[in-house]
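> Fold the stuff below for me.
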Amino acid sequence: MRLSRRELYESSGEFQRTVSISELGLDDLSLLKDNLPVTMKIKRSGSTLDVRGEVTADLKETCDRCLEIYDKTIKGSFRILVTEDPSMLNETSNSDIMFFSTDQNEIDISPALRDSIVLERPMKEICSKECKGLCAGCGVNLNTSSCKCKKEEMDERWAPLKEINLSDMEN
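Predicted structure coming up:
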């Protein structure tokens, strides 16, 4: 998503745009919409712009426990400092700093938008907290039906280990 110099310096307050998934390089995600809404607020302080915003993505995910497909909405927030002062690039900050030289007409904030979406995705996709997953024996989805697998009986030689209370043990 490219923002023009005029758009950045003449905008005040909040504004909205849309960005395509191909522009962000998110073609590998199963997105429900080709265009994602982006809301931004711009605050100006001298030659520096503080761009804060949020991008929303509706995804079609596969649960890692039960393998069911479900819809999910992710809202990724981002913050970018756009500056014409090259000395600010040496300062450490929690936000991204982009140098915007006076001969540039636009900047590309796509990497920040993409990162905000990717970082919001969990390592494991779970359809709900109550998801029981699949039976390890027969593979049936335990959320929709119960399996008829025989419950494994424990070898009696290991029975004394069940009586050990680990919370009472000292380090």
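
> going forward, measure contacts and count neighbours with C-alpha atoms only.
Noted.

> Which positions within the top helix by length along the chain qualify as buried?
When the chain is parsed with DSSP state H, its longest helix is helix 110-120. Of the residues in helix 110-120, those scored as buried under the neighbour-count criterion (16 or more other C-alpha atoms under 10 Å) are 110, 112-114, 116-117.

> after the lowest-mean-pLDDT helix or strand in the chain comes which helix or strand?
Comparing every helix and strand of the chain by mean pLDDT, DSSP states H and E singles out helix 5-10 as the least confident one, with a mean of 75. The helix or strand immediately downstream of helix 5-10 is strand 13-20, counting by DSSP states H and E.

> C-alpha coordinates for stretch 105-124, CSV please?
What follows is stretch 105-124 as a C-alpha-only set of coordinates in CSV (Å, rounded to 0.1, in the frame of the first residue of the first chain):
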residue,chain,number,x,y,z
ASN,A,105,6.6,11.2,-3.8
GLU,A,106,5.3,8.1,-2.0
ILE,A,107,6.2,5.5,0.6
ASP,A,108,5.2,1.8,0.8
ILE,A,109,3.7,0.7,4.1
SER,A,110,2.8,-2.8,2.9
PRO,A,111,5.6,-4.5,4.9
ALA,A,112,4.2,-3.1,8.2
LEU,A,113,0.6,-4.1,7.3
ARG,A,114,1.7,-7.6,6.3
ASP,A,115,3.8,-8.0,9.5
SER,A,116,0.8,-6.9,11.7
ILE,A,117,-1.4,-9.6,10.2
VAL,A,118,1.2,-12.4,10.3
LEU,A,119,2.2,-11.6,13.9
GLU,A,120,-1.5,-11.8,15.0
ARG,A,121,-1.8,-15.3,13.9
PRO,A,122,-1.3,-17.9,16.6
MET,A,123,1.2,-20.7,16.2
LYS,A,124,-1.6,-23.3,16.6
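
> residues making contact with that stretch?
When contacts are defined by C-alpha atoms under 8 Å, 6 or more residues apart in numbering, stretch 105-124 is touched by residues 1-5, 23-26, 55-57, 63-64, 74-80, 96, 100.

> now do 7 Å
Contact partners of stretch 105-124, identified using C-alpha atoms under 7 Å, 6 or more residues apart in numbering, comprise 1-5, 24, 55, 64, 74, 76-78.

> same check, this time on stretch 32-44
With contacts defined as C-alpha under 7 Å, 6+ apart, stretch 32-44 is touched by 12-21, 49-60.

> Nothing else from me, thank you.
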